[in-house]
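[1] generate a structure from the sequence data that follows.
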Amino acid sequence: MVIFSPPLSVPCSPGEVYYIEAQTKRTVDGSGHQHGVQIEFFNAAGTSLLSADNRVASTTWTKVALSLTAPAAAVRVQFTYWAHTNVVAQFDAIYARRAVDAAALIVGSPSIRVSRATSQSFTNTVTATMLYTTVSEDTDSAYSTGTGRFTVPANKGGYYLIFATVAWNAAFSFSTNIYVWVNNTAVRFFKGSPNGSGGQYDSLAVTGLLLLSAGDTVEIQATQNSGIAQNTVADGFANYFVMRRIA
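    Predicted coordinates for the structure are as follows:
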């Protein structure tokens, strides 16, 4: 057996259905050896949990297709074009995708819009989670106002667009940072050096496109180095966090 490298490998969640198809034909070898497509699921340790393939021995262009459901503990799915040893095969128009149900086709699901209209204190040089306590939208009940965390629901992994702001209660001349944390690790950040102009407050924003799996947690964190504790401005239009799955 020959597995063409590198295969396509992406995150997945248990219960999700994946599909692959290809146009393929054998060009060399008259012994009837086969060629086709394969799907394989792996756990967090990299151990194979389940695999299946669809193979043909055709010497003319033939469509081969396969679908498979991710088993329990699956975190990654691998798509492969497969051919037997001593076969020279050609392929064209390989197509792989995740199947979705009708509920998942709702635009922007999951989606959250949260804000904070009261001040929050941040200790000097201590990075802490911004707690957005007013919920305007939470389609899947995935956001916790107590922890400030969004948890990706079961079967809702995918690409998420995120945007968040943190605004301090007055302008000042020291640095502040805003972060996007995924599973307790910073993955995006923006550093600001406020201008210190009187009568203004300073706001930082961070945005990004995240590829997330079911169970992943997302939160917004901030820090400041003024030398003393500082408060965010008490304004829900200045402190907000929006997040939406787009694919």
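
[2] where does the chain dip in pLDDT?
    1-6, 28-32, 85-108, 170-173, 193-201 (pLDDT under 70).

[3] show me the domain layout of it.
    Here the domain parsing of the chain from automatic domain parsing is 2-98, 105-245.

[4] where does the closest residue to V75 other than its chain neighbours land in three-state SS?
    Using Cβ to Cβ, 6 or more residues apart in numbering and skipping the chain neighbours, the partner closest in space to V75 is A44 (5.1 Å). In this view, the C-beta of every residue, glycine as well, is placed from N, C-alpha and C. What DSSP: H, G, I helix; E, B strand; the rest coil gives for A44 is coil.

[5] A44 and W82, how far apart?
    25 Å (Cβ to Cβ, to the nearest Å).

[6] with neighbour numbers in mind, choose between these two.
    W82 (22 against 9; other Cβ atoms under 10 Å).

[7] hmm, that one is touching E40, no?
    No. Checked against Cβ atoms under 8 Å, the pair W82 and E40 is beyond contact range at 10.2 Å.

[8] list the contacts of the helix or strand hosting Y160.
    Counting by DSSP states H and E, the element that carries Y160 is strand 158-167. Contact with strand 158-167 is made by 98, 130, 152, 176, 178, 180, 188, 201-212, 218, 220, 222, 232-233, 235, 238-247, as judged by Cβ atoms under 8 Å, 6 or more residues apart in numbering.

[9] those residues in strands, which ones?
    The members of the contacts of strand 158-167 that map onto strands under DSSP state E are 98, 176, 178, 180, 188, 203-212, 218, 220, 222, 240-245.

[10] quick check on those residues: which are buried?
    Neighbour counting by 16 or more other Cβ atoms under 10 Å classes 98, 176, 178, 180, 188, 203-204, 206, 210, 212, 218, 220, 222, 240-245 among those as buried.

[11] quick check, V114 in a helix?
    No. V114: not assigned to a helix; according to three-state DSSP it is strand.

[12] what about the closest residue to it other than its chain neighbours, neighbour count?
    Spatial nearest neighbour of V114, excluding adjacent residues (Cβ to Cβ, 6+ apart): Y132 at 3.8 Å. Neighbourhood size, Y132 [other Cβ under 10 Å]: 28.

[13] kindly indicate whether Y132 is helix, strand or coil.
    coil.

[14] shouldn't it be in contact with R116?
    Yes. Using Cβ under 8 Å, Y132 is in contact with R116, at 4.9 Å.

[15] list residues touching both of these two?
    N239, Y240.

[16] ok, T125 - how many residues close by?
    Around T125 there are 10 residues (other Cβ under 10 Å).

[17] before we move on, which element is it in?
    Here T125 is assigned to no helix or strand, by DSSP H and E.

[18] nearest residue to it in space, ignoring adjacent ones along the chain?
    Closest to T125 by Cβ to Cβ, 6+ apart is N225, at 5.3 Å.
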